[in-house]
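Participant: My questions concern the predicted model and sequence given below.
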Amino acid sequence: MKGVVSLAALAAGVALTVSAAAESGPALTTALSADKVRLQELVAAAIKEGQVVHIDTVMQPATSDALGEAFRRHYGLSSSFKVSSTTMTPGNVITRLEQEMRANRITIDVGAVASPPWAFARVKEGRIMAYDSPEYSAYARSFALGLGKPGYFAFNGAYYFVPMWNAETMTFHGTSWTDLRGVVPPGRISTTDPTVSDSALMTYIGLRTVFDLPFFEELAQLKPVFMYKSETIAGRLISGEDLFAMYGMPTRAYQFNQRGAKLQFMEPKEGVVLLPQVMFIVQGCPHPASAKLWLDFVLSQEGQKILAQREALISGRSDFVSPIPTIVPSIDAVRAIPINWDSITPDSMQKARAEWAGVFKR
């Protein structure tokens, strides 16, 4: 009997702990009554799950740590709740997710990748969980632009590639993508490879709607070095290995310049290809309640502010005020080249890859 009483008391104690924790975070104390029950149930379930697993293409470890700490505080989760975040190149993220999906052995709860066509295709296959986040109401403008799918995914931050250089090693006053022709001697410029990177492929597909093939044949005469990580591209400009980057990221310029670098970039007059890093919950994930809370938080005002400040990502929220508008403009201020993401098929992507390879790798 004593054992039974002890077990009952222990179970009651755990239940009380879970209940108390589910009431302690700001998310619960400030929630409207209509949403409070939903949150209470999700937080209680997340406490039992104990962790959330996230894979991403941009988020650096320090950013993940900051988001994790704010996430736990927001929902009143203890420090033992684990936020596991992995950052890989877009191609590697997609490969990892597809391997798990094919094997039906899902370990990842939430994914984020800058390939909307891939996400649209996975929704059609039933691989992305249907979840209507309460934060989606702030993303109506993004949905209208085709940068997400209501009830399935929105983007947690967008970025784009632009020409970039180191002001300590060269001077450049161009205003157009066409000004890259002959900008440096052959072999002293980097680019990314659309045959292995979906984000680079999306950029090429978008630029091809503006420029004909001979323009890219001229760029190929620069004999660019192929790089696959934005940090490496920026680092090679600082070290002097490269004089110019076709596809630099303002995000990395901002981060490296905070440490004393002198990276500069151009916003071409023809526009840029806005790459929304779409965020979704994987169908069959092991921690669904935690995944929903994590997605909600990252898309919230607080989560978006952390991403903007640390990663210089553009928010899809129509009500978001950027803390660094000169680096991270509002979505309406970006001169984006229009793309119908949902119309891009695997066949059209493969055709674009082959075309690019025929120009740059022949």
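Facilitator: Cool, the structure landed.

Participant: So, low pLDDT: which residues of the chain?
Facilitator: For the chain, the stretches with pLDDT under 70 are 1-24.

Participant: So the residue nearest the centre of it, which state does it fall into?
Facilitator: Here the mean C-alpha position of the chain is nearest to the C-alpha of residue 277 (CA atoms, centre = their mean), at a distance of 3.4 Å. Secondary structure assignment for residue 277 (DSSP: H, G, I helix; E, B strand; the rest coil): strand.

Participant: All further residue positions should be reported with the first residue as 675.
Facilitator: New numbering, starting at 675: the last item is residue 951.

Participant: Confirm for me that it is in contact with residue 732.
Facilitator: Yes - using CB atoms under 8 Å, residue 951 is in contact with residue 732, at 6.0 Å. The C-beta positions use only the backbone N, C-alpha and C, and glycine is treated the same way.

Participant: Now list whatever residues contact both of the two.
Facilitator: Common neighbours of residue 951 and residue 732, using CB atoms under 8 Å, 6 or more residues apart in numbering, are 786, 788, 831, 833, 987.

Participant: Flag every buried residue along the one helix or strand residue 727 maps to.
Facilitator: Using DSSP states H and E, residue 727 maps to strand 725-730. Neighbour counts over strand 725-730 (16 or more other CB atoms under 10 Å) mark 726-730 as buried.

Participant: Same question for stretch 807-819.
Facilitator: In stretch 807-819, counting by 16+ other CB under 10 Å, buried: 807, 809-810, 812-813, 816-817, 819.

Participant: next one: stretch 941-956
Facilitator: 942, 945-956.

Participant: quick one on the thing from earlier: now for the shared contacts of residue 951 and residue 732: which two are most distant?
Facilitator: 786 and 833 (11.8 Å; CB to CB).

Participant: Residues that sit against both of the two, list them.
Facilitator: What both residue 786 and residue 833 touch, as defined by CB under 8 Å, 6+ apart, is the set 732, 951.

Participant: Show me this protein divided up by domain.
Facilitator: Domains of the chain are assigned by automatic domain parsing as 722-832+950-1003, 836-947+1014-1034.

Participant: Run a quick neighbour tally on the nearest residue to residue 700 once chain neighbours are set aside.
Facilitator: Spatial nearest neighbour of residue 700, chain neighbours left out: residue 748 (5.7 Å); criterion: CB to CB, 6 or more residues apart in numbering. By the other CB atoms under 10 Å criterion, the neighbourhood of residue 748 contains 19 residues.

Participant: cool, and residue 986?
Facilitator: 21.

Participant: That one and residue 930 touch, don't they?
Facilitator: No - using CB under 8 Å as the test, residue 986 is too far from residue 930 to be in contact (11.0 Å).

Participant: mind checking the backbone torsions on residue 982?
Facilitator: phi -70, psi -40 (degrees, to the nearest 10).

Participant: all helices of the protein, in order?
Facilitator: Using DSSP state H, the helices of the chain run over 676-695, 700-703, 707-723, 735-749, 764-777, 790-798, 814-818, 872-882, 887-894, 904-913, 924-931, 962-973, 975-985, 1020-1034.

Participant: Can you mark which positions in the shortest one are buried?
Facilitator: So that's helix 700-703. 701-702.

Participant: Report the backbone C-alpha coordinates of stretch 856-870 in PDB.
Facilitator: Extracted as PDB, the C-alpha positions of stretch 856-870 are listed here (Å, rounded to 0.1, in the frame of the first residue of the first chain):
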ATOM      1  CA  GLY A 856      34.600  42.200 -66.300                       C
ATOM      2  CA  VAL A 857      34.500  43.500 -62.700                       C
ATOM      3  CA  VAL A 858      37.600  41.600 -61.700                       C
ATOM      4  CA  PRO A 859      40.200  39.300 -63.400                       C
ATOM      5  CA  PRO A 860      39.100  35.800 -64.100                       C
ATOM      6  CA  GLY A 861      39.200  33.500 -61.000                       C
ATOM      7  CA  ARG A 862      39.000  36.300 -58.400                       C
ATOM      8  CA  ILE A 863      35.200  36.200 -58.000                       C
ATOM      9  CA  SER A 864      33.000  33.600 -56.300                       C
ATOM     10  CA  THR A 865      29.500  32.400 -57.000                       C
ATOM     11  CA  THR A 866      27.200  29.600 -55.700                       C
ATOM     12  CA  ASP A 867      26.300  26.500 -57.500                       C
ATOM     13  CA  PRO A 868      22.600  25.900 -58.500                       C
ATOM     14  CA  THR A 869      23.300  22.300 -59.200                       C
ATOM     15  CA  VAL A 870      23.700  21.700 -55.400                       C
END
